[in-house]
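Visitor: show me how the following folds:
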Amino acid sequence: MNLTVLSRSPEIYTTRRLAEAARARGLRTRIIDPLEVQLGLRERAPAAYWRRRPLPRADVVIPRIGLSVHQYGLAVVNQLELMGVPVLNGAYGIAASRNKMRVLQMLAAAGVAVPRTVMASDPAGIKEMVELVGGPPVLVKLLSVSERSGVMICESMQSLEAALEAILGLGQNIVVQQYLRGARGRDLRVLVVGGEVIAVMRRSAPPGRFAPNLRSGAQFEPVELAPEYARPAVEAARVLQLEVCAVDMLDVKGGPRVFEVNSSPSIREAEATCGVDAAGRIVERAVALARPRPARRASRSREGAPARGPEA
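Guide: Coordinates of the predicted model:
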């Protein structure tokens with residue numbers, strides 16, 4: 001079986017581990033930079049090229065599309081799907097996960113609890129937005145067209161005034177979100193693969209900082225996750241149609257609140273903290289998606305009529 005990892009560099013920890021896990025399982029593995037893939041449209045079919053030749057055959061593709069190459073990388077993933085190549089995390093899920101407000105909209109509509117959130121195009125009404133989410137402390141997020149976001153914590157109305165002066169005139173959409181401090185420091189990151197929770201970590205950042213991963217200073221420790229907390233993480237992956245994702249949630253009074261979903265998560269933290277072979281689990285899920293399902297034999301019902309075959 002041929003497996004391709006779409007990634008900017010084979011030196012990235014997650015990319016390297018995925019390649020190692022795939023080769024250990026006897027898969028012919030290739031790492032391709034999505035920016036080196038050319039997309040073509042022939043008269044009646046899409047095509048993809050790499051190094052001036054047709055893209056090498058792939059029975060399944062694991063995309064690792066970073067934010068810096070989001071738009072083009074997304075086009076490559078979409079092209080592969082149109083060509084009928086099985087892709088672990090499709091363009092729909094990746095695009096949805098990168099739009100932070102869209103994620104919360106979709107999750108809330110599906111009944112997954114999220115923090116109170118308000119979005120507006122004009123920051124001049126920020127005080128009213130803060131009141132709508134329950135008052136300070138709040139998170140103030142600036143969303144750019146590239147989906148990059150800047151985040152500030154406003155503990156009081158005074159700090160809110162200072163933030164307002166800083167963001168007026170930037171011309172960006174603004175999101176104000178209820179700032180929930182996790183009970184017992186339970187800011188949780190849940191790694192979901194193929195609809196199953198494979199690793200759970202409690203995350204803590206240096207005082208006054210947001211630190212989503214080890215390189216930015218966050219500290220992780222493994223924790224056990226009760227079923228009532230696993231369900232929102234698995235449901236978030238299902239709603240966004242993601243085979244692999246990290247779901248960030250807070251353990252607060254009244255139950256967990258999901259505040260972010262990452263469709264291209266680092267697996268370094270899960271492997272180092274929980275001792276789980278996250279790369280192996282991801283590769284095995286990719287292989288399962290690539291294998292054709294066995295055809296069911298036609299049989300007759302008790303009345304003698306042929307049983308209904310599988311739907312197309």
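Visitor: which positions in the strand or helix carrying residue 72 come out as buried?
Guide: For residue 72, the host element (DSSP states H and E) is helix 70-82. Within helix 70-82, the residues that count as buried by 16 or more other C-beta atoms under 10 Å are 70, 73, 74, 76, 77, 78, 79, 80, 81. Where C-beta positions appear, they are placed from N, C-alpha and C, glycine not excepted.
Visitor: equivalent analysis for stretch 243-262, please.
Guide: 243-252, 256-262.
Visitor: among those residues, which are in strands?
Guide: Among the buried residues of stretch 243-262, DSSP state E puts 244-252, 256-262 in strands.
Visitor: wait, residue 151 touches residue 139, no?
Guide: Yes. Under the criterion of C-beta atoms under 8 Å, residue 151 makes contact with residue 139 at 6.0 Å.
Visitor: hmm, back to that, most widely separated two among the ones in strands among the buried residues of stretch 243-262?
Guide: 244 and 252 (26.2 Å; C-beta to C-beta).
Visitor: quick one: the helix holding residue 72 to chain centroid distance?
Guide: In terms of C-alpha atoms, centre = their mean, to the nearest Å, the centre of helix 70-82 is found 16 Å from the chain centre.
Visitor: who touches residue 64 in this structure?
Guide: Residues counted as contacts of residue 64 (C-beta atoms under 8 Å, 6 or more residues apart in numbering) are 5, 6, 7, 8, 12, 14, 15, 18, 264.
Visitor: state the distance from it to residue 164.
Guide: From residue 64 across to residue 164, the span is 38 Å (C-beta to C-beta, to the nearest Å).
Visitor: repeat for residue 84
Guide: Note on residue 84: its distance to residue 164, by C-beta to C-beta, is 51 Å.
Visitor: neighbour count for these two, which is higher?
Guide: residue 164 (16 against 8; other C-beta atoms under 10 Å).
Visitor: chain neighbours aside, what residue packs nearest to the more buried one?
Guide: residue 126 (5.5 Å; C-beta to C-beta, 6 or more residues apart in numbering).
Visitor: the stretch 101-250 of the chain: helices as residue ranges?
Guide: 126-132, 157-167, 227-239 (DSSP state H, counting those that start in this stretch).
Visitor: and those, which one is worst for confidence?
Guide: Here the lowest mean pLDDT among these goes to helix 157-167, at a mean of 73.
Visitor: give me the contacts around that helix.
Guide: Helix 157-167 is contacted by residues 123, 126, 127, 130, 136, 138, 140, 142, 152, 153, 154, 174 when judged by C-beta under 8 Å, 6+ apart.
Visitor: if we can go back for a sec, which stretch among the helices of the stretch 101-250 of the chain approaches residue 93 most closely?
Guide: Across the helices of the stretch 101-250 of the chain, closest to residue 93 is helix 227-239 (C-beta to C-beta), at 8.6 Å.
Visitor: which helices and strands does the closest one pack with?
Guide: With contacts taken as 3 or more C-beta pairs under 8 Å, 6 or more residues apart in numbering; DSSP states H and E, helix 227-239 sits against helix 100-109, strand 187-193, strand 196-204, strand 244-252, strand 255-262.
Visitor: quick one, which of these is nearest to residue 276?
Guide: Of all these, strand 196-204 sits nearest to residue 276, with 4.8 Å by C-beta to C-beta.
Visitor: buried sites along that closest one?
Guide: Residues 197, 198, 199, 200, 201, 202, 203, 204 are the ones in strand 196-204 that count as buried (16+ other C-beta under 10 Å).
Visitor: quick one: strands adjacent to it?
Guide: According to DSSP bridges, strand 196-204 forms sheet pairs with strand 187-193 (antiparallel), strand 219-222 (antiparallel).
Visitor: can you say which of the helices and strands packed on helix 227-239 is nearest to residue 90?
Guide: Between the helices and strands packed on helix 227-239, strand 244-252 lies closest to residue 90; by C-beta to C-beta that is 11.3 Å.
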